[in-house]
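Visitor: Got a predicted structure here, sequence first:
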Amino acid sequence: MSIEVQQVNKAFGNFKALNEINLSIQSGELVALLGPSGCGKTTLLRIIAGLEKPDSGHIIFNGADVSRRDVRKRNVGFVFQHYALFRHMTVFDNVAFGLRMKPRRQRPSESVIHDKVLELLRMVQLDWLADRYPEQLSGGQRQRIALARALAVEPEILLLDEPFGALDAKVRKELRRWLANLHEEINLTSVFVTHDQEEAMEVADRIVVMNKGVIEQIGTPAEVYENPANEFVYHFLGDSNQLQLDDQQIQFRPHEVLLSRRAEPEHRAGVVRDIRPLGAITRVTLKVEGQELPIEAEVVRDDASLNGLQRGETLYFKPKAS
Ligand SMILES: Nc1ncnc2c1ncn2[C@@H]1O[C@H](COP(=O)(O)OP(=O)(O)OP(=O)(O)O)[C@@H](O)[C@H]1O
């Protein structure tokens, strides 16, 4: 199901939370709304869901204007970070809830519900937990159950608000991959909110970068990273260094730098302050004379310049762009 957001505005009192938002999401896309805290991501998601009314503008699903359609009739599934499971119900009953709540004529029989819930639990790989209660689950398991519950009513649109926000880094990463795979399998249209650029880059087909109630850029992860529309997008999507050269200031990302142990043409000297192995890459922090901010350089771990390198040594660096 495709989603069109047309000229949506929303104010809370005098505060303009969303300003002329236009966005087209194709059927089957997985789109991330990315931006700093308070930029309006959740408000936009709630308006798409029908939980919040825009002051003006339209929401269109597959060509039909649903702006006035009640949330229950929009057929969207939600997973919110703090949208807890029902504590007094087993995992099975939590997932079955939406189906059992359907109006009698649309409600499947208990045996159909039973099969469907087990199928969903198998899909999230937690069928062995069907009889447990939410408090007996880990955070990551709860989120997967919340996802199974959202999918039970067969929504055509899935909306996720920081679904993995409260989890530790490793579980988050696993769930992200898992969500991306699942999305491919069942061909939903999904929109998820995050303030974590890595999460957006890793999972989304396209990223909507938001700031202060407006959309700064929409593009694939590669487009927004490599061709940022403006300074805000550039800075929000990754770390950057500033280097003051005579009368100009240049910016470059930590990986856009060449390092050498010897003085070379166009290289500048820096004193090594820190050496951080980060898996496949190593980050070196350099203090450069006359520069207020240190320079961070990220190179592959077997880069020749790192061989036996110690703090306090002098390294020579050159931004690749210059
Ligand atoms: N019901 C409300 N009443 C008044 N102000 C609100 C209301 N809901 C949101 N806001 C304000 O609108 C702005 C956008 O909020 P929103 O929750 O959409 O931001 P967000 O980008 O999702 O932020 P976060 O990442 O912190 O959740 C914020 O400044 C918030 O304080």
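Guide: Good, I have the coordinates. Residues are numbered from 1 along each chain as shown.
Visitor: what's near enough to touch the residue of the stretch 51-200 of the chain at minimum distance from the ligand?
Guide: Closest residue of the stretch 51-200 of the chain to the ligand, CB to the nearest ligand atom: residue 195 (4.9 Å). The way it works is simple: take the backbone N, C-alpha and C, and place the C-beta from them, glycine included. Contacts of residue 195 were listed using CB atoms under 8 Å, 6 or more residues apart in numbering, and they are 34-37, 41, 162.
Visitor: Out of the residues you listed, name the ones that lie in strands.
Guide: residue 34 (DSSP state E).
Visitor: any idea how far the closest residue to residue 70 other than its chain neighbours is from residue 12?
Guide: Of all residues not flanking residue 70 in the chain, residue 50 sits nearest, at 6.3 Å (CB to CB, 6 or more residues apart in numbering). Per CB to CB, to the nearest Å, residue 50 is found 18 Å from residue 12.
Visitor: Filter the contacts of residue 195 down to the buried ones.
Guide: 34-35, 41, 162 (16 or more other CB atoms under 10 Å).
Visitor: count of neighbours near residue 288?
Guide: Neighbour count for residue 288, taken as other CB atoms under 10 Å: 17.
Visitor: Name the nearest residue to it, ignoring sequence neighbours.
Guide: Closest residue in space to residue 288, ignoring its immediate chain neighbours: residue 270 at 4.5 Å, by CB to CB, 6+ apart.
Visitor: And the one you found, which helix or strand is it part of?
Guide: Using DSSP states H and E, the element containing residue 270 is strand 268-278.
Visitor: Which other helices and strands does the very next helix or strand once past that strand contact?
Guide: Later in the chain than strand 268-278, the nearest helix or strand by DSSP H and E is strand 281-287. Counting contacts by 3 or more CB pairs under 8 Å, 6 or more residues apart in numbering; DSSP states H and E, strand 281-287 is packed against strand 268-278, strand 295-300, strand 314-319.
Visitor: Please determine how far residue 22 is located from the ligand.
Guide: 17 Å (CB to the nearest ligand atom, to the nearest Å).
Visitor: Can you tell me the SS state at that residue?
Guide: The local conformation at residue 22, judged by DSSP: H, G, I helix; E, B strand; the rest coil, is strand.
Visitor: distance of it from residue 115?
Guide: Distance, residue 22 to residue 115, using CB to CB: 42 Å.
Visitor: returning to what we had before: right, so of the helices and strands packed on strand 281-287, which gets closest to residue 257?
Guide: Across these, residue 257 has its closest neighbour in strand 295-300 (4.4 Å, CB to CB).
Visitor: Does residue 221 touch residue 209 like I think?
Guide: No. Using CB atoms under 8 Å as the test, residue 221 is too far from residue 209 to be in contact (10.8 Å).
Visitor: if you count what's nearby, which of the two comes out ahead?
Guide: Taking residue 221 and residue 209 together and counting by other CB under 10 Å, residue 209 has the greater number of neighbours (25 against 19).
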